[in-house]
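Novice: Return atomic coordinates for the entry below.
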Amino acid sequence: ARPCLVARRSRLNWNTVPQPLRRPALRALRDPHSGLGTGWRSWVWSELPWAVRRLPAPTRERIAATALGPAGAWWLRDRFERNVPALMGHRLHRAVAVGGRTRLGLTTAAGESVVMDTAHVIAATGFAPRLGRLELLDAGLRAALATVGEGDAPELSAVFESSWPGLFFAGLLTAPSFGPSMRFVHGTGFTAGRLVRGVRKRLGARGPLPGPAGGVRPVRASAGHPETYLR
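Specialist: Presented below is the predicted three-dimensional model:
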């Protein structure tokens, strides 16, 4: 394949080369390591998601939208720049089928027109998680949920429970509540412990659950409700 990158921005963002684990004490204090990189801000987002949740809603929204944004891996940069041509500062204004190929009409930052014929197009335009897209939830239920500030993400308790009792969230939609670490694998350890604790409390579970390890074990939620099965 002979790929070519077309980007609206004038430059690409790349992650910096990680600092060595063994460093002078003063440098380590100035730029501490964390699960999401170096620096005090990254350390807070990475290691203190519970503290992020205590910030005002507008602040949490801004942090989730701007901190630790998309960037290329540092170890791919040389490989990419040697082999992939990049048209920076180009905007797409037309895409039409021509035979079995796709013709792209692009406009440069100076207003000049560029035409590109290609066999395949991958539109890497990003993804914005929103409650409105969770069509597996009833529309009335989605509308009833308390949200974070002006955004479309659920406001969550300290154990990831929404304003609808018994409805818990995990993953991208929890970033406006707990910070950008919720977008990374690193954040799953914090999420799992808190969320499971919240579910057990909601179910009224006490102590070890009965049944063989790894098996299916019924947990009685409350009188008059069907059993909930946990694997």
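Novice: in stretch 14-26, what counts as buried?
Specialist: Within stretch 14-26, no residue is scored as buried using 16 or more other Cβ atoms under 10 Å. C-beta: built from backbone N, CA, C; applies to glycine.
Novice: Span of that stretch from start to end?
Specialist: 26 Å (Cα to Cα, to the nearest Å).
Novice: got a list of contacts for stretch 11-20?
Specialist: 27, 31, 33, 37-38, 69-74, 77, 86, 88 (Cβ atoms under 8 Å, 6 or more residues apart in numbering).
Novice: Can you say which of these are buried?
Specialist: In the contacts of stretch 11-20, the ones that pass as buried (16+ other Cβ under 10 Å) are 31, 33, 37, 38.
Novice: so residue 134 sits right up against residue 142, yeah?
Specialist: Yes: using Cβ atoms under 8 Å, residue 134 is in contact with residue 142, at 6.5 Å.
Novice: gap between residue 49 and residue 158?
Specialist: 10 Å (Cβ to Cβ, to the nearest Å).
Novice: swap that for residue 80, please
Specialist: 41 Å.
Novice: Over to residue 29?
Specialist: In terms of Cβ to Cβ, residue 29 sits 30 Å off from residue 158.
Novice: which of those two has more neighbours?
Specialist: residue 158 (13 against 10; other Cβ atoms under 10 Å).
Novice: In space, what's closest to the residue nearest the centre of the chain - neighbours in sequence excluded?
Specialist: Centroid-nearest residue in the chain, with Cα atoms, centre = their mean: residue 183, separated by 2.8 Å. What sits nearest to residue 183 in space, not counting adjacent residues and going by Cβ to Cβ, 6 or more residues apart in numbering, is residue 175, at 5.6 Å.
Novice: Now do the contacts for residue 85.
Specialist: Here residue 85 is in contact with 4, 5 (Cβ under 8 Å, 6+ apart).
Novice: Need phi/psi at it.
Specialist: Phi and psi for residue 85, reported as degrees, to the nearest 10, are phi -70, psi 140.
Novice: low pLDDT regions in the chain?
Specialist: Within the chain, the stretches with pLDDT under 70 are 205-231.
Novice: Could you chop the chain up by domain?
Specialist: 5-118, 131-206 (the TED database).
Novice: for the first one, the distance to its chain's centre please.
Specialist: Translated: domain 5-118. 13 Å (Cα atoms, centre = their mean, to the nearest Å).
Novice: Remind me which helix or strand the residue nearest to residue 183 belongs to.
Specialist: helix 175-178 (DSSP states H and E).
Novice: by contact count, what packs against that helix?
Specialist: helix 49-53, helix 57-66 (3 or more Cβ pairs under 8 Å, 6 or more residues apart in numbering; DSSP states H and E).
Novice: switch to 10 Å and redo it
Specialist: With contacts defined as 3 or more Cβ pairs under 10 Å, 6 or more residues apart in numbering; DSSP states H and E, the packing partners of helix 175-178 are helix 49-53, helix 57-66, helix 188-203.
Novice: Let's have those helices in JSON lines, adding mean neighbour count and distance to residue 2.
Specialist: As requested, those are arranged in JSON lines below (neighbours: other Cβ atoms under 10 Å; distance: least, Cβ to Cβ, whole Å):
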{"stretch": "helix 49-53", "mean neighbour count": "17", "distance to residue 2": "43"}
{"stretch": "helix 57-66", "mean neighbour count": "16", "distance to residue 2": "35"}
{"stretch": "helix 188-203", "mean neighbour count": "16", "distance to residue 2": "37"}
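Novice: Thank you, goodbye.
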